[in-house]
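Colleague: A structural model of the following input is requested.
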Amino acid sequence: MYSGYGKQYTRDRSGYTTDVNDPSSTWFNQERHWLVIEDLAGGTYNIRMKHRRYLPQEPREQDDSYENRLARSTCPPYLQRLERMLAGMLTRKPVRLQDISDTTRENLFDVDLQGNDLNVWTYETARKMIRYGHVGVLVDVPTEGNGRPYWVSYTPRDILGYRTEVRQGKTSFTQLRLLERLYEPDGEYGEKLVEQVRVLYPGRYEIHRKSDDGKFSLYDEGTTTSNEIPFAVAYANRVSLMESRPPLEDIAELNIKAYQVQSDLDNQLHISAVPLLGFFGFPQSSEEVSAGPGEAIAFPADGRAEYIEPTGRSFDSQFQRLDQLAQQINELGLAAVLGQKLSAETAEAKRIDRSQGDSTMMVVAQQMQDLIDNCLAFHAKYLGTSEIGSCFVNRDFLSTRLEPQEIQALLQLYTAGTITQKTLLDQLTQGEVLGDEFDVEEEVEATQMGGLIETTPPAPEIEEDTEPEEEDEPEAA
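Modeller: Numbering: from 1, shown residues only. As a prediction, this is how the structure comes out:
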């Protein structure tokens with residue numbers, strides 16, 4: 001049994017996969033790790049939809065009270081913010097392309113036929129990889145007309161199954177099943193959701209669509225010009241082939257805990273925000289008593305009335321728990337992404353946290369770079385060009401922009417002749433003072449040639465005289 005969105009589905013995991021839409025055992029091994037991640041990705045609204053899963057109703061708590069508490073509960077977006085920031089680190093600088101054809105470069109301005117260029121597509125694909133643990137990309141060509149290649153990304157939830165074999169020392173896909181959802185026109189103005197499974201083989205494909213009775217049947221099939229399945233995979237936290245774990249799974253659990261503690265604290269603060277009026281020494285047999293600005297109450301000689309409100313000490317443990325959760329989030333490396341540390345730490349601890357965060361992000365950047373390189377190879381093969389090209393994904397995850405005083409110090413060193421012009425330009429480029437497209441070698445060569453032209457005056461022209469020169473008479477002794 002595995003849990004989906006709002007329903008429970010039952011499958012015989014011990015048996016063989018019989019239908020084209022049946023997930024493989026690898027899919028089942030990963031699916032339970034996606035649930036919390038996907039619910040948090042949906043935000044507070046989605047968490048409230050799964051109310052009793054993440055915010056249990058207390059014993060003897062009335063349904064109305066629970067519904068009010070649920071409506072006031074807000075899930076902090078730690079996971080969403082972290083996912084966006086990690087993906088943004090990769091695209092903080094544009095993806096650099098090298099040695100690709102002009103046609104491929106032009107195609108990459110709309111790489112997915114959805115209007116997204118390569119940098120936007122890289123950001124969205126990196127978010128999927130960080131959310132689930134890995135992502136797959138299919139380089140496809142429209143079957144109708146003279147279409148050009150485009151890239152489509154798939155999450156592990158959409159990769160139902162696969163088969164591989166080793167060919168010439170390389171593991172290649174021999175079968176791949178991908179779940180797709182698309183909307184088609186229905187009537188004059190309506191639309192309907194269509195679910196289909198795309199089955200890929202080397203050189204051919206099949207499309208199975210879901211009918212009204214819930215079964216999938218063959219809808220379309222055809223051949224392709226490629227003798228391999230043009231599918232590339234990138235991992236953020238690999239377990240084995242086509243299997244991974246969400247790298248932010250621990251953060252997701254802390255995010256849920258913060259949501260629960262914050263809900264309890266908000267509910268207590270809401271109840272205690274209105275003081276309770278208490279009467280002391282007033283006969284219980286008296287009728288209902290009202291109090292207001294224009295009213296007075298007659299008390300016995302030893303009677304009194306006062307408002308009862310908590311001193312606030314009962315909330316200290318809740319605030320301390322929230323601080324502990326924030327500290328745990330920092331210890332898992334969130335501070336390097338979310339900004340300033342919530343607690344003081346030593347410089348050595350900062351260097352250790354920075355190196356660990358950079359190591360994880362370095363793996364993600366390298367995997368994304370390899371993914372794009374593989375897609376470029378498939379893209380070039382479809383176009384029939386030998387200019388495959390390559391790319392470079394940003395690895396400067398945090399801003400290293402030079403301060404004005406540092407720039408002035410470099411200029412003084414250059415003026416004094418301590419460093420060369422190339423060293424100065426290299427330092428300014430690394431310090432993000434000059435643009436990403438700035439070429440140091442070309443600039444040095446251009447300025448040197450310009451200096452020669454300016455410092456070397458043109459040779460004077462000598463006019464040839466056709467008349468013979470008169471010889472000077474010798475001077476008298």
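
Colleague: so what's Lys215 closest to, chain neighbours aside?
Modeller: Leaving aside its chain neighbours, Lys215 sits nearest to Asp19 (7.7 Å; criterion: C-beta to C-beta, 6 or more residues apart in numbering). No exception for glycine: its C-beta is placed from N, CA and C like everyone else's.

Colleague: the one you found and Tyr78: what is the separation?
Modeller: Note on Asp19: its distance to Tyr78, by C-beta to C-beta, to the nearest Å, is 39 Å.

Colleague: same thing with Glu403?
Modeller: From Glu403 to Tyr78 the distance is 31 Å (C-beta to C-beta).

Colleague: ok, now Trp121?
Modeller: For Trp121 relative to Tyr78 (C-beta to C-beta), the value is 26 Å.

Colleague: for the chain, what spans make up the helices?
Modeller: Assigned by DSSP state H, the chain shows helices spanning 25-41, 43-49, 51-54, 63-72, 78-90, 102-107, 118-132, 249-272, 316-331, 335-338, 347-383, 404-415, 421-430, 440-455.

Colleague: between these, which gets the lowest average pLDDT?
Modeller: Across those, helix 335-338 has the smallest mean pLDDT, namely a mean of 40.

Colleague: tell me who's in contact with Glu38.
Modeller: Glu38 makes contact with Arg131, according to C-beta atoms under 8 Å, 6 or more residues apart in numbering.

Colleague: kindly apply the preceding question to Glu221 instead.
Modeller: Glu221 touches Arg204, Tyr205, Glu206, Ile207, counting by C-beta under 8 Å, 6+ apart.

Colleague: go on, Met361?
Modeller: Leu86, Met89, Leu90, Arg395, Phe397.

Colleague: which among those gets closest to Asn46?
Modeller: Leu86 (20.8 Å; C-beta to C-beta).

Colleague: show me what contacts the closest one?
Modeller: Counting by C-beta under 8 Å, 6+ apart, Leu86 touches Ala126, Ile130, Val337, Met361, Val364.

Colleague: and those, which two are the farthest apart?
Modeller: The widest separation within the contacts of Leu86 (C-beta to C-beta) is 13.6 Å, between Ala126 and Val337.

Colleague: neighbour count: those two, which is higher?
Modeller: Set side by side, Ala126 and Val337 show more neighbours around Ala126, with 28 against 18, by other C-beta atoms under 10 Å.

Colleague: just checking, the more buried one touches Met85?
Modeller: No: between Ala126 and Met85 there is no contact under C-beta atoms under 8 Å: 11.0 Å.

Colleague: how near is the residue lying closest to Ile407 once chain neighbours are set aside to Asp396?
Modeller: Counting by C-beta to C-beta, 6+ apart, Val433 is the residue found nearest to Ile407 once chain neighbours are left out, at 6.4 Å. Relative to Asp396, Val433 is positioned 13 Å away (C-beta to C-beta).

Colleague: shared neighbours of these two, which are they?
Modeller: Counting by C-beta under 8 Å, 6+ apart, no residue touches both Val433 and Asp396.

Colleague: just give me the neighbour total for Thr164.
Modeller: The burial count for Thr164: 15, using other C-beta under 10 Å.

Colleague: same thing with Glu206?
Modeller: Here the count is done by other C-beta under 10 Å, and Glu206 has 16 residues near it.

Colleague: quick one: it and Phe216 touch, right?
Modeller: No: between Glu206 and Phe216 there is no contact under C-beta under 8 Å: 10.6 Å.

Colleague: so what sits against both of those two?
Modeller: By C-beta under 8 Å, 6+ apart, Glu206 and Phe216 have no common neighbours.

Colleague: what's the local residue count around the residue nearest to Lys215?
Modeller: Using other C-beta under 10 Å, Asp19 has 10 other residues around it.

Colleague: so it touches Ser217, yeah?
Modeller: No: counting by C-beta under 8 Å, Ser217 is not a contact partner of Asp19; they are 10.5 Å apart.

Colleague: longest strand of the protein?
Modeller: As assigned by DSSP state E, the longest strand anywhere in the chain is strand 170-186.

Colleague: what about that one, average pLDDT?
Modeller: Rounded mean pLDDT across strand 170-186 is 93.

Colleague: residue contacts, Trp121?
Modeller: When contacts are counted by C-beta under 8 Å, 6+ apart, Trp121 touches Val111, Asp112, Trp151, Ser153.

Colleague: could you redo the last one with a cut-off of 7 Å?
Modeller: Contacts for Trp121 were tallied using C-beta atoms under 7 Å, 6 or more residues apart in numbering; they are Val111, Asp112, Trp151.
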